[in-house]
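1. I would like the atomic coordinates for the input below:
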Amino acid sequence: MQQVPAEAPPIPIRPAATVLICRDSADGPEVLMIQRHVLSDVHGGSYVFPGGKVDAADAQLDAAAHLDEPPESLHALLADPDIDPATAAAIHVAAVREVFEECGLLLAEGLDGPGTLQAAALGAQGLAFNDLLGRLGVRLATRAMRPWSRWITPLNALHSPGRRFDTRFFIARAPEGQEPRHDDHEAVLSAWLRPRAALERYWQGEIALAAPQIMSLAHLTRHASVDAMMAEAEGRAPCVVRPLTFEIDGHRATAYPGDALHPERARVMPGPLRLVLRGKRLEPPGGFDDLWQ
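-> Residues are numbered from 1 along each chain as shown. Purely as a prediction, here's the structure:
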């Protein structure tokens with residue numbers, strides 16, 4: 001009797017959070033990007049926004065003592081009926097924690113210069129994030145950031161195969177009086193980049209970007225100020241992006257809601273509806289100018 005091969009176990013989808021930290025400049029808004037270490041297991045060598053997986057400890061933070069908004073309010077902002085307020089709070093905590101761990105910025109209320117230095121020193125000592133907040137006696141400034149989008153990794157993803165994430169993207173104002181310091185472990189470089197300039201560098205082959213970063217940068221280019229970005233985030237629920245990967249004309253590609261090949265017919269965000277992998281670069285079918293659709 002021929003033995004039927006066992007089906008491969010489903011790839012678990014892990015919750016994650018990432019933050020588009022933005023500031024105004026004389027030449028227009030800039031967003032903080034970090035370069036992942038080339039040996040990183042997710043997006044190695046690419047420029048990304050700071051972020052990472054939600055940890056169990058993120059759900060254990062004392063919300064009453066260390067959150068500036070109650071979990072119920074954070075739950076409403078995420079507009080996801082499939083999670084509870086405690087999970088919504090943990091996602092927000094993870095977003096702030098990952099920013100602090102990867103680039104040294106702490107989104108916390110009333111953090112002055114000495115407090116910033118103390119936070120950096122405690123972080124360098126390896127103190128757990130929840131304990132660090134307790135030592136500082138601060139609340140996380142979740143009001144400084146708002147949900148922007150939600151990306152759910154498809155099966156057969158173009159990047160980091162074998163890993164799937166349900167990632168909440170937040171947009172946040174850069175905290176005043178703080179400068180990013182990448183950790184030289186997961187992140188080997190940090191830079192403030194204008195969204196269009198980052199895409200131009202990508203197109204010229206100077207930096208590597210994954211699809212969510214390409215699409216998020218293209219989205220940010222629509223705004224002339226951080227105020228405008230925050231106003232958009234305040235005025236709508238986060239868009240949910242479920243990319244669909246497929247092969248076309250011998251190339252791997254990914255489609256977004258609104259594309260003719262995507263089962264979701266309504267567009268959920270600006271920018272191209274499809275990216276095609278040509279060599280090592282993801283390109284809209286119409287070239288660079290299609291990023292501004």
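2. surely Pro85 touches Leu77?
-> No. Counting by Cβ atoms under 8 Å, Pro85 stays clear of Leu77, with 10.7 Å between them. In this view, the C-beta of every residue, glycine as well, is placed from N, C-alpha and C.
3. who has more neighbours, the two?
-> Using other Cβ atoms under 10 Å, the more surrounded residue of Pro85 and Leu77 is Leu77, with 20 against 16.
4. run through the bridge partners of the nearest residue to Leu67 once chain neighbours are set aside.
-> Leaving aside its sequence neighbours, Leu67 sits nearest to Leu140 (Cβ to Cβ, 6 or more residues apart in numbering; 5.7 Å). Taking DSSP bridges as the rule, Leu140 bridges to Leu67, Ala108.
5. show the pLDDT at Leu140.
-> Leu140 carries a pLDDT value of 97.
6. what segments of the stretch 1-150 of the chain are helices?
-> Ranges of helices in the stretch 1-150 of the chain, per DSSP state H, counting those that start in this stretch, are 63-66, 71-78, 85-103, 113-124, 129-136.
7. just the CA atoms of the fourth one, as CSV, please.
-> This file holds the C-alpha atoms of helix 113-124, laid out as CSV (Å, rounded to 0.1, in the frame of the first residue of the first chain):
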residue,chain,number,x,y,z
GLY,A,113,16.5,64.7,29.6
PRO,A,114,17.7,62.9,32.8
GLY,A,115,14.9,60.4,32.5
THR,A,116,15.9,59.6,28.9
LEU,A,117,19.5,59.0,30.1
GLN,A,118,18.3,56.8,32.9
ALA,A,119,16.1,54.8,30.5
ALA,A,120,19.1,54.3,28.2
ALA,A,121,21.3,53.2,31.2
LEU,A,122,18.7,50.7,32.5
GLY,A,123,18.2,49.3,29.0
ALA,A,124,21.9,48.9,28.6
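8. for that helix, packing partners?
-> Helices and strands touching helix 113-124, by 3 or more Cβ pairs under 8 Å, 6 or more residues apart in numbering; DSSP states H and E, are helix 85-103, helix 129-136.
9. pLDDT (mean, whole number) over that helix?
-> On average, the pLDDT along helix 113-124 is 90.
10. buried sites along it?
-> Residues Gly115, Thr116, Ala119, Leu122, Gly123 are the ones in helix 113-124 that count as buried (16 or more other Cβ atoms under 10 Å).
11. quick one, which of the helices of the stretch 1-150 of the chain is nearest to Gly45?
-> Of all those, helix 85-103 sits nearest to Gly45, with 15.3 Å by Cβ to Cβ.
12. give me the angle between that closest one and helix 113-124.
-> Interaxial angle, helix 85-103 versus helix 113-124 (axes from the mean of the first three to the mean of the last three Cα atoms, to 10 degrees): 90 degrees.
13. does Glu179 count as helix, strand or coil?
-> Classification of Glu179 by DSSP: H, G, I helix; E, B strand; the rest coil places it in coil.
14. how close does the residue nearest to Leu67 sit to Gly110?
-> Distance, Leu140 to Gly110, by Cβ to Cβ, to the nearest Å: 11 Å.
15. who has more neighbours, these two?
-> For Leu140 and Gly110, the more surrounded residue by other Cβ under 10 Å is Leu140, and the numbers stand at 25 against 9.
16. touching, the more buried one and Leu74? I think so.
-> No. At 10.3 Å, Leu140 and Leu74 do not qualify as touching, with contact defined as Cβ under 8 Å.
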